[in-house]
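*Asks:* Here is a sequence with its predicted model. Questions after.
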Amino acid sequence: MSLGLVRIRHAKLPVTDLRRSVDWYLALLDLEVAAEFSEQGVVRGAQLTAPDGGFAIALRERAFCASEPDLAGFDAFALEAESVQALHDLAARCERLGVACGGVQDRGEYGASLDIPDPDGTVLRFLANNVIVPGRFLGLDVDASGQPSLYEKPRLKDPMTTPSES
């Protein structure tokens, strides 16, 4: 059954300094300002979009978000890169821009990742060769030493049901 949904429109992140964060995201990811959102004449949010329209990131001043969420250290979403080399290129770009990043973590058959904290510490996660693909379940278990292993049967006790099934 298709619900007619085609993609995530954007992920919205709370930020402490909107102008600083807009500049940071534009410089790092070559995004364009697609929209601004003002309240009583003061810009409180912005939507930044990839030039090809492939993804968008919205930013909102944390002080004007419900509960003033702090996502420091959390990866709220991940972006898929076309290759591991693209991750290395992005890490090199970070170095040129003076942006701290964790370096590319290439786990071979488990794919590769690059984590980049934004100015507020929210982690942007970039993935390549991800083993999670549509139409196939895959569980990932990471042991105490950080080593991943895969499993193929869901471990959640009861699968979710849709409202029409209950």
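*Replies:* Looks like it arrived, so ask away. All of these numbers come straight from a predicted model, not from anything done at the bench.
*Asks:* mind listing what Arg9 touches?
*Replies:* Shown in contact with Arg9 (Cβ atoms under 8 Å, 6 or more residues apart in numbering): Ala56. For every residue, glycine as well, the C-beta is placed using N, CA and C.
*Asks:* so how far is Pro14 from Asn130?
*Replies:* In this view, Asn130 and Pro14 are 26 Å apart by Cβ to Cβ, to the nearest Å.
*Asks:* between the two, who's got more neighbours?
*Replies:* Set Asn130 next to Pro14 and count neighbours by other Cβ atoms under 10 Å: Pro14 wins out with 22 against 14.
*Asks:* With adjacent residues omitted, what lies nearest to the more buried one?
*Replies:* Nearest residue to Pro14 in three dimensions, chain neighbours excluded: Arg62, at 3.9 Å (Cβ to Cβ, 6 or more residues apart in numbering).
*Asks:* which ones are touching the one you found?
*Replies:* Residues near Arg62 by Cβ under 8 Å, 6+ apart: Pro14, Val15, Thr16, Glu68, Pro69, Asp70, Asp120.
*Asks:* any idea which of those is the one closest to Lys153?
*Replies:* For the contacts of Arg62, the closest approach to Lys153 (Cβ to Cβ) belongs to Pro69, at 34.1 Å.
*Asks:* which regions of the protein sit below the pLDDT cut-off?
*Replies:* The chain contains residues with pLDDT under 70 at 1-2, 157-166.
*Asks:* Just the helices from it, written as ranges.
*Replies:* Assigned by DSSP state H, the helices in the chain fall at 18-29, 84-97.
*Asks:* can you give me how far stretch 99-110 is from the chain middle?
*Replies:* Relative to its parent chain, stretch 99-110 has a centroid offset of 15 Å by Cα atoms, centre = their mean, to the nearest Å.
*Asks:* Tell me where this protein has strands.
*Replies:* In the chain, the strands defined using DSSP state E lie at 11-15, 32-39, 42-49, 56-61, 78-80, 105-106, 112-117, 123-128, 139-142, 148-151.
*Asks:* Mind putting the ones you listed into a markdown table with distance to Leu87?
*Replies:* Compiled in a markdown table, the strands of the chain are given as follows (distance: least, Cβ to Cβ, whole Å):
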| stretch | distance to Leu87 |
| --- | --- |
| strand 11-15 | 19 |
| strand 32-39 | 22 |
| strand 42-49 | 20 |
| strand 56-61 | 18 |
| strand 78-80 | 10 |
| strand 105-106 | 8 |
| strand 112-117 | 5 |
| strand 123-128 | 5 |
| strand 139-142 | 19 |
| strand 148-151 | 17 |
